[in-house]
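> quick one, fold the following:
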Amino acid sequence: MHAIIVSAPGGPEALEYVERPDPVPGDGEVVVDVAASGVNFIDIYHRSGAYPLPLPTPIGSEGAGTVSAVGAGVRDVAVGDTVAWANVLGSYADKAVVPAHRVVPVPDGVSAEVAAAAMLQGMTAHYLTHSTHEVKEGDQVLVHAGAGGMGQLLVQLAKLKGAKVYTTVSTSEKEKLAREAGADEVLRYDDFAEALRGQIDVVYDGVGRSTFDGGLEALRPRGLMALYGAASGPVPPFDPQTLNKQGSLFLTRPTLVHYIAERQELLQRASDLFGWITRGELAINISHRYPLADARQAHEDLAARRTTGKLLLIP
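Numbers count the residues shown, from 1 in each chain. Model (predicted):
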C-alpha cells in the first residue's frame, strides 16, 4: 500500500509518499480500505512540528472507507462495514489501522467521501455549538473564516440553534459562500471589531493571532472566546487581567479529543452529524479532491487559503 509519512518537520516538502506493507490488525483494531482522507490544519501542525510527534510518523487524522479486516476481540465492527473516524494518525493512506472503539458507522445515504469530510470539522462544530457554548435562540455569534470548511459548518449549526450569525471573510467570493451557508452579516477582518464592539455572546475563532484581540473587543460582558485553532499563527501570551477589564470575559482553548473521549459521546456526536446531513439540514461542501500522492499540493493550498470548503485526499 501507499501512505504519506513525515520523517522530519518542515514545509509541504516534508510529506513523503512511500510504499509500505499492507497492515494487519492487532487486538481491538480494524483495517480500513480508505475511500477518502480529510485534510485539516492539524495535519499542517503535525507536519511542521508545531504539534510535535515522534518521528518518523504517519500523518492524517480523519477518513472513511470499508473495513477489510478485523483483529481479535472486535465485536461491533465487521468486514464490509462502512466506517469513519477522526483523531487517528495514519489516515493519509490506502489502508488505515484504526482502533475499533474509535470508528463510527456510516449510515445509508451518506457517502464515504462526505463522511470523511464531515468527521473532524463536523464534530468540532458540534461540540463548539452544543457543549463549549450551547448556542441558544437569539444568541449573537461571531464565526471567523466563514467561507472555510470549518466556518461553513459553524454557521449552519449556529443557525440551526436559532442564533444571529456574523462572520468574517477576506473576499467577495468568500462572502457569497458564507451567505449561502446562512450567515446573517458578513464582515471584513479589518473592521469587524469596531462594527461588533460589545455585542457578541460567543466568538468561534480558528484563525488565532490576527483576529484574537478584535474578537475580545466584539464580546459583550461575560461573553466567551472559544479559540479552537491558529490558522494565522498562535496567539501570543497575554495578561489575564485583560479579561476582567473587557467585561469579565471567558476564554477557552478546546480540542476535539476531550469532547469525544467517551465512546458514547463520540457516537452521539457522529449520529447527530449524519442525521443532519441525511435530512438536508447540514451541507458538506467538498471543494477540492486530490490524489493521495498530491498531499503536498493540498497542504500548500490550505495554508495559503486558496481554497474554500473541505479538501480530501483520494487514494
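
> go through stretch 167-178 and flag the buried ones.
Of all the residues in stretch 167-178, those buried under the rule 16 or more other C-beta atoms under 10 Å are 167, 168, 169, 174, 175, 177, 178. Any C-beta I mention is one placed from the backbone N, CA and C, and that applies to glycine too.

> one more: stretch 132-139?
Result for stretch 132-139 [16+ other C-beta under 10 Å]: buried residues 132, 133, 135, 139.

> these two touch, right, the third one and residue 159?
Same thing as residue 135. No: the criterion here is C-beta atoms under 8 Å, and residue 135 misses it with residue 159 at 9.2 Å.

> contacts only, for residue 309.
147, 148, 149, 152, 177, 285, 286, 287, 288 (C-beta atoms under 8 Å, 6 or more residues apart in numbering).

> now with 6 Å?
149, 285, 287 (C-beta atoms under 6 Å, 6 or more residues apart in numbering).

> just the buried ones from the residues you listed?
149, 285, 287.

> per-residue confidence for the last one?
According to the per-residue confidence, residue 287 scores 90 in pLDDT.

> and it, which of the three is it?
Secondary structure assignment for residue 287 (DSSP: H, G, I helix; E, B strand; the rest coil): strand.

> contacting residues around it?
Residue 287 sits in contact with 307, 308, 309, where contact means C-beta under 6 Å, 6+ apart.

> do that again at 10 Å, thanks
117, 147-149, 152, 177, 301, 307-312 (C-beta atoms under 10 Å, 6 or more residues apart in numbering).

> return the closest of the residues you listed with respect to residue 10.
Residue 10 lies nearest to residue 301 out of the contacts of residue 287, by C-beta to C-beta, at 17.3 Å.

> separation between that closest one and residue 191?
The spacing between residue 301 and residue 191, counted by C-beta to C-beta, to the nearest Å, is 27 Å.

> may I see the domains of the protein written out as residue ranges?
2-120+263-314, 137-253 (automatic domain parsing).

> now render the ones you listed as CSV, adding distance to residue 128.
Below are these laid out as CSV (distance: least, C-beta to C-beta, whole Å):
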stretch, distance to residue 128
domain 2-120+263-314, 11
domain 137-253, 6
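
> sec struct for the closest residue to residue 192 other than its chain neighbours, please.
Distance criterion C-beta to C-beta, 6 or more residues apart in numbering; nearest residue to residue 192, sequence neighbours excluded, is residue 168 at 5.1 Å. Under three-state DSSP, residue 168 falls in the strand class.

> sounds good, over and out.
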